[in-house]
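J.: could you work out the structure for the sequence below:
(2 chains)
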Amino acid sequence: MTFAALYFDGKTSRAHRVEVTLSKGFLLIEGEVGLLPFSVEMDDCFVEPALGSSLRIVRLPDGGHLETRNGQAAGKLERAASSSYFMQIVHLLESRWRFVAVALLLCVSVTWGGVKYGIPLAAQTVAFAIPAGALDDMSDRTMEQLDRMLFAESQLDVWEKERLVALFDEFAAESGYGTAPRLLFRKGSVGPNAFALPSGIVVVTDAMVELVGSDDELLGVLGHELAHHRHRHSLRKILQDTGVYIIVSAVVGDAASIASIAATLPVLLVEASYSREFESEADETGASLMVASGRQIAPMVAFMQKMAKKQGGKTGSDLMSSHPATQKRIEHLTRLAKENGETLSVEE
Amino acid sequence: MPEDGGNEASGGPGETVGGSASSTAVGGAFAAPPPAPQRFTPHFMGTGGEYFRIWIVNVALTIATLGIYAAWAKVRTRRYFYSHTVVGGRPFDYLGQPKAILVGHIVIIGAIAVSSLFKNLYPLIGSVSGLGVWALFPFLMYKAHRFKAFNSSYRGIRFGFNGTVGEAYKVYLLIPVVFFAVTAGIGFLATLESGAALLLMPLAAVVSGFGWLVVYPFWVFKQKDYTFENTSYGTLRALFTPELKSFYRAYGGGLAIVVVVVVAAVLPFGAAIAVLTQSLKEAPWAGTWLAFVPILLVMSIFVLVQQYLYARITNHCWNSFRLGSLTFEADLSARTLVFIRLTNILAILATFGLAAPWARVRRTRYLVSCFTVIAPRGLEDISASQLTADSAVGDAAADFFDWDVGW
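T.: Predicted coordinates for the structure are as follows:
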């Protein structure tokens, strides 16, 4: 077999027009005047795998190379020389639209499945494997930072705080939750708020204590936070967000600079949807703690309605928000209350 | 530090060094070197459809192999962009080895995984590991430059990078460290001397507030100098003669754009949105989508300034650059770049990322067409020089952090 190619010797940039003949495991390279014919053993050559419509390149043992547009000839050399079978398959995949369609389907389904099931499952496994000591350490640090940046000391009456802590302990025991974690009171600019740190410490703002209409409403809020801790939500959130970031940058990482801007949006959307799932799970578990402690779910509903009123018309769509739109949470809790056989006073 | 722009094209306009004879086609490559200087305009021959197929197979195989194939995917992508960039009828050639890149990936991803886990679990240690990245940044940049140059070849002759690690630390680390030390020093003095505080306090405020704006163009200038001055092609050595004031003019222009756009567009626009949001209480769903408008607006301004700077600095650098007897002309238009980038982003968002390959091909095609190589004695009599290979750790780091290693 003979084909035309360009020969570069790797020492100068000059191109030599040559004729290449493959026979008995050798390549004979003959060129124009000024280039002495020479031959190389095919085993010492490397044929670069085909890539789209690129020129085919044969690397010669002395550092030179051949360039040819003759794909058929290159294919024959590929079979005669050392070359990567795997890359030949890759090229085949890239050349046929139906394989491309399969690849596309695989990408879409893996991304969707990974985000929906894979990452949450992995995060759950890891979250429950981390020892409690590490969580305590981490939470203490977080609390130190929050105290420095956001919070001041609580202005609540000392006796009131003692009473609430006792109530919280009682609630945890009655509901079958077990030993209650520490309950901390803080005054801050974040409005009525309550949250659980990974170690279980529950923090309540003064504004929250003032907003609730009854002890049971406060216990509803605290039960929600206990549920977050039981499911290790805060830790899983950190792990899941990291996972999504890695997946998204892997998928769109090819166009890194565009991705850095455009990828923020899907990442935010996915992260917000994780939060919403955690919130409704916490509502569900919180409600069951209320029931188990002999209380009703109705106070939770009442409290959510109070929050909704406080937020005013700012209900918004829940696409971006971390908590499901308040209205949806109210509906969810109302349904749970009805299943529990409670009668709710209808909001006017 | 991740001064972006051209690195979307797998190696910036670096692949475009060389030249494609605009007068002589492929046949010219075989003719005897003519006496008159030849002008070569590079062409990018890749197509969106072809690259899409390579891209999607790359992504699928990377997923299927749990990321291991990413190294092969990278080589395939780079080879595609190199081999479709044609100068004087001859393509560029990428020589990077997937296995070397795989090792680089493992090292960098491992380091990042460990440090990001620490960052989440122990914020304090996390910030220390952030410092670690800074301490290694110059070394990794040096490695990345060497890897990229060594594995780029044209007409069988490799490019080379002759910068040293010491220089890299001077350029990438010393300048910001000195700046922050001076700022901190003035601030510290101001707290010590109550008498001088009156004078020093405002000085500290000015230095820390505006100082970086003044230092940054100089920093970029030194980085470009490190990159260009140390590049070689075969035995051809670089001569890089940029003007510092051009960098200041470019960044001054960028600042002016921000000011003008904010005053002319953002303020009235923001007011309009506020009014709209107020009146949209009835239809809350519209409000959420309205929230994307500011994001798009900020993104547009970012793109505007980024592409403007990229065009001006790239043009200036290449117009002040020689490789032996080869000289270059670059004529990027900021307006075209902005248009391409914005429409690319919209296309990518609208197709959930599927338009990314097409977008990249489109941008590369434009970038490549903006360069000219002037070769007084043609491109046929350049000799190779002795070079040594390097590991791909810097290459992997530069890729992951989106550092600019562009020529």
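
J.: quick check: phi and psi at A:Asp295.
T.: Quick fix: residue A:295 reads Arg, not Asp. Recorded main-chain torsions at A:Arg295 are phi -100, psi -180, according to degrees, to the nearest 10.

J.: skip the chain neighbours and tell me the closest residue to it.
T.: The shortest distance from A:Arg295 to any residue that is not its chain neighbour, by C-beta to C-beta, 6 or more residues apart in numbering or on different chains, is 5.6 Å, and that residue is A:Asp216. Using the backbone N, CA and C atoms, a C-beta is placed for each residue, glycine as well.

J.: how deep is the one you found tucked in, by neighbour count?
T.: Here the number of neighbours of A:Asp216 (other C-beta atoms under 10 Å in any protein chain shown) works out to 21.

J.: near chain B, which residues of the stretch 101-250 of chain A are found?
T.: Applying the criterion C-beta under 8 Å from any C-beta of the partner chain, the portion of the stretch 101-250 of chain A that neighbours chain B consists of A:102-104, A:106-107, A:110, A:134, A:137-138, A:141-142, A:145, A:238, A:242, A:250.

J.: any of these buried? List them.
T.: Judged by neighbour count, with 16 or more other C-beta atoms under 10 Å in any protein chain shown as the criterion, the buried members of those are A:Ala103, A:Leu104, A:Leu106, A:Cys107, A:Val110, A:Met138, A:Thr142, A:Ile238, A:Thr242.

J.: A:Leu184 touches A:Gly200, doesn't it?
T.: No: with the criterion set as C-beta atoms under 8 Å, A:Leu184 and A:Gly200 do not qualify as a contacting pair; they are 11.3 Å apart.

J.: against chain B, how distant is A:Thr237?
T.: One correction, residue A:237 is Lys, not Thr. The span separating A:Lys237 from chain B equals 10 Å under the rule C-beta to the nearest C-beta, to the nearest Å.

J.: how about the nearest residue to B:Asn230 once chain neighbours are set aside, phi and psi?
T.: In space, B:Asn230 comes closest to B:Gly163 once its chain neighbours are excluded; the distance is 3.6 Å by C-beta to C-beta, 6+ apart. Comment: the main-chain dihedrals of B:Gly163 come out as phi -70, psi 160, following degrees, to the nearest 10.

J.: where in chain A is pLDDT low?
T.: Along chain A, the parts satisfying pLDDT under 70 run over A:82-83, A:247-266, A:311-324, A:345-348.

J.: that older thread, and the residues of the stretch 101-250 of chain A next to chain B, which two are furthest apart?
T.: With distance counted by C-beta to C-beta, no two of those lie farther apart than A:Val102 and A:Gln145, which are 48.6 Å apart.

J.: neighbour count for A:Leu184 and A:Gly200, which is higher?
T.: Between A:Leu184 and A:Gly200, counting by other C-beta under 10 Å, A:Gly200 is the more crowded of the two (21 against 16).

J.: how far away is the more buried one from chain B?
T.: With distances taken as C-beta to the nearest C-beta, A:Gly200 is found 16 Å from chain B.

J.: so what's that residue up against?
T.: A:Gly200 makes contacts with A:Leu135, A:Ser139, A:Pro181, A:Arg182, A:His229, as judged by C-beta atoms under 8 Å, 6 or more residues apart in numbering or on different chains.

J.: nearest to A:Val204, of those?
T.: A:Arg182 (11.3 Å).

J.: and the spatially closest residue to that closest one that is not a sequence neighbour, how many residues sit next to it?
T.: Counting by C-beta to C-beta, 6+ apart, the nearest residue to A:Arg182 once its immediate chain neighbours are dropped is A:Ile201, at 4.8 Å. By the measure other C-beta under 10 Å, the count of residues near A:Ile201 is 20.

J.: same deal with the one 10 residues further on?
T.: For A:Leu211, the tally of surrounding residues (other C-beta under 10 Å) stands at 18.
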